[in-house]
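Enquirer: I'll drop the sequence and a predicted model, then ask my questions.
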Number of protein chains: 2
Amino acid sequence: MLLGRDRVIKVLRLNHRIARDARLTTHVGLISRAFGADEFILSGDEDRKLLSGLDKVTEQFGGPFETKYVKQWKPFVNKEKKNCKVVHLTAYGSQLQDVIKDIRKEKNLIVVIGSAKVPPAAYEVADWNVSVTNQPHSEAGALAVFLHEYFQGKELTKEFKKSKKKIIPQAKGKRVISS
Amino acid sequence: MLLGRDRVIKVLRLNHRIARDARLTTHVGLISRAFGADEFILSGDEDRKLLSGLDKVTEQFGGPFETKYVKQWKPFVNKEKKNCKVVHLTAYGSQLQDVIKDIRKEKNLIVVIGSAKVPPAAYEVADWNVSVTNQPHSEAGALAVFLHEYFQGKELTKEFKKSKKKIIPQAKGKRVISS
């Protein structure tokens, strides 16, 4: 289903822990979809409920947006690297503003988002370790701003397909239409 | 401590629930600091641990960045409105790209970030209800991109003062210096 598109951007969440990370990883998944990524890959604990929650959002608000679980992230990334570049978001990496122009030249990316302890292998496998500010903050915030910069704001007006519901922007109040 | 600056941007988190929101609200606080806000105000459950955690990050990585708790957010916002405009981030609001130029003209802002159920009063008190995409996603992602757009990327190179530690950007690995 991902074939034939101009760009394919995947987001890989490392080391998910159901008990601790469920809500934050859900936000990372929702940000991936809302900001124009094509696929969300979960690694760490297998969390079917989380992935089916994301799939339900896609059913309601449109896609395409795929989700899947991989037990072993390293072989997955090594296989994918034949067709894409790897960006690892970390407060320690090269500054976004210095590398984004080069990254934008790449049409296929995996964006790797750590959780608690990021293994050194994630730094090693990355074509770019990228910092969105060099301050401690949030993988959710880093991912949103990274995708926003990568797509140069075009993701803000992305048309989602096969949606059942659509939010219509309003200065006040809420308006949702069925489509 | 906030007087005399060119702009004063405050972030108000509504309806915080300790049991459910601690981690996500922490991320919202860290994003506020990292992306250039001056102050983080918590409402809902009083969560001293969360605020002191944010203060510790400021002690280590610099500021200025204030935190505080307000029990009643409405009187707080009504009082602040004498000196600032109010932006409420919501998937239902006017699109970021349509309103950001006008918002940037304002030097003092409160950015209101909802939690579970946002009371209608938050929509009413806002000078702008702003959507960062009209998709369901994450208040953390919305806040990061809003601040990034408001500051036009200048927050990425903000110099924090009185820091004890500083992360030095690296293509690979981690480097932190004591300052």
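Expert: Yep, it's here. Residues are numbered from 1 along each chain as shown, chains lettered A, B, ... in the order given.
Enquirer: per-residue confidence for A:Gly4?
Expert: Per-residue confidence at A:Gly4 stands at 47 (pLDDT).
Enquirer: List the contacts of stretch A:169-179.
Expert: Residues outside stretch A:169-179 that contact it (C-beta atoms under 8 Å, 6 or more residues apart in numbering or on different chains): A:163-168, B:92-95, B:98, B:123-124, B:128-129, B:131, B:134. To be clear about C-beta, it is placed using only N, CA and C from the backbone, and glycine gets the same treatment.
Enquirer: quick one: buried residues of that stretch?
Expert: Under the neighbour-count criterion of 16 or more other C-beta atoms under 10 Å in any protein chain shown, stretch A:169-179 has A:169-170 buried.
Enquirer: Please apply the same query to stretch A:48-57.
Expert: A:50-51, A:54-55, A:57.
Enquirer: What lies in contact with it?
Expert: Residues outside stretch A:48-57 that contact it (C-beta under 8 Å, 6+ apart) are A:16, A:18, A:22, A:25-26, A:29-30, A:33, A:40, A:42, A:65, A:67-69, B:136.
Enquirer: Is there proximity between the longest strand along chain A and chain B?
Expert: When chain A is scanned for its longest strand (criterion: DSSP state E), the result is strand A:85-95. Yes - legend: contact between strand A:85-95 and chain B by C-beta under 8 Å from any C-beta of the partner chain is shown at A:91-95.
Enquirer: how far away is the closest residue to A:Ile168 other than its chain neighbours from B:Ile31?
Expert: Once flanking residues are discounted, A:Ile168 sits nearest to A:Arg175: 4.3 Å by C-beta to C-beta, 6 or more residues apart in numbering or on different chains. Distance of A:Arg175 to B:Ile31, given as C-beta to C-beta, to the nearest Å: 28 Å.
Enquirer: ok, A:Thr25 touching A:His16?
Expert: Yes - counting by C-beta atoms under 8 Å, A:Thr25 touches A:His16, with 5.1 Å between them.
Enquirer: Compare these two and say which is more crowded by neighbours.
Expert: A:Thr25 (27 against 22; other C-beta atoms under 10 Å in any protein chain shown).
Enquirer: still on that earlier bit, tell me which entries of the contacts of stretch A:169-179 lie within helices.
Expert: Those of the contacts of stretch A:169-179 mapping onto helices are B:98, B:123-124, per DSSP state H.
Enquirer: Run a quick neighbour tally on A:Ile41.
Expert: 23.
Enquirer: can you pull up the bridge partners for it?
Expert: A:Leu12, A:Lys68 (DSSP bridges).
Enquirer: so where's chain A uncertain?
Expert: Scanning chain A with the threshold set as pLDDT under 70 gives A:1-5.
Enquirer: which residue ranges form the helices in it?
Expert: A:18-34, A:48-61, A:73-80, A:96-104, A:120-125, A:139-150.
Enquirer: Out of those, which is the most enclosed?
Expert: Comparing these by mean neighbour count (mean count of other C-beta atoms under 10 Å in any protein chain shown), helix A:139-150 ranks first with a mean of 26.
Enquirer: Report all helices and strands that that one contacts.
Expert: Helix A:139-150 sits against strand A:8-16, helix A:18-34, strand A:85-95, helix A:96-104, strand A:108-113, helix B:18-34, helix B:139-150, with contacts defined as 3 or more C-beta pairs under 8 Å, 6 or more residues apart in numbering or on different chains; DSSP states H and E.
Enquirer: got the CA positions of the third one in PDB?
Expert: Extracted C-alpha coordinates of strand A:85-95, given in PDB (Å, rounded to 0.1, in the frame of the first residue of the first chain):
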ATOM      1  CA  LYS A  85      18.000   6.700   5.300                       C
ATOM      2  CA  VAL A  86      17.700   6.600   9.100                       C
ATOM      3  CA  VAL A  87      17.200   9.700  11.200                       C
ATOM      4  CA  HIS A  88      17.500   9.300  15.000                       C
ATOM      5  CA  LEU A  89      16.100  12.100  17.100                       C
ATOM      6  CA  THR A  90      18.100  12.800  20.200                       C
ATOM      7  CA  ALA A  91      19.000  15.900  22.200                       C
ATOM      8  CA  TYR A  92      22.700  15.000  21.700                       C
ATOM      9  CA  GLY A  93      22.600  15.000  17.900                       C
ATOM     10  CA  SER A  94      23.500  17.500  15.100                       C
ATOM     11  CA  GLN A  95      21.200  20.500  15.200                       C
END
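Enquirer: Give the buried residues for it.
Expert: A:85-94.
Enquirer: contacts for stretch A:122-133?
Expert: Applying C-beta under 8 Å, 6+ apart, the contact partners of stretch A:122-133 are A:14, A:74, A:77-78, A:81, A:85-96, A:99, A:102-103, A:112, A:114, A:141-142, A:145-146, B:34-35, B:144, B:155-156, B:158, B:167, B:169-173.
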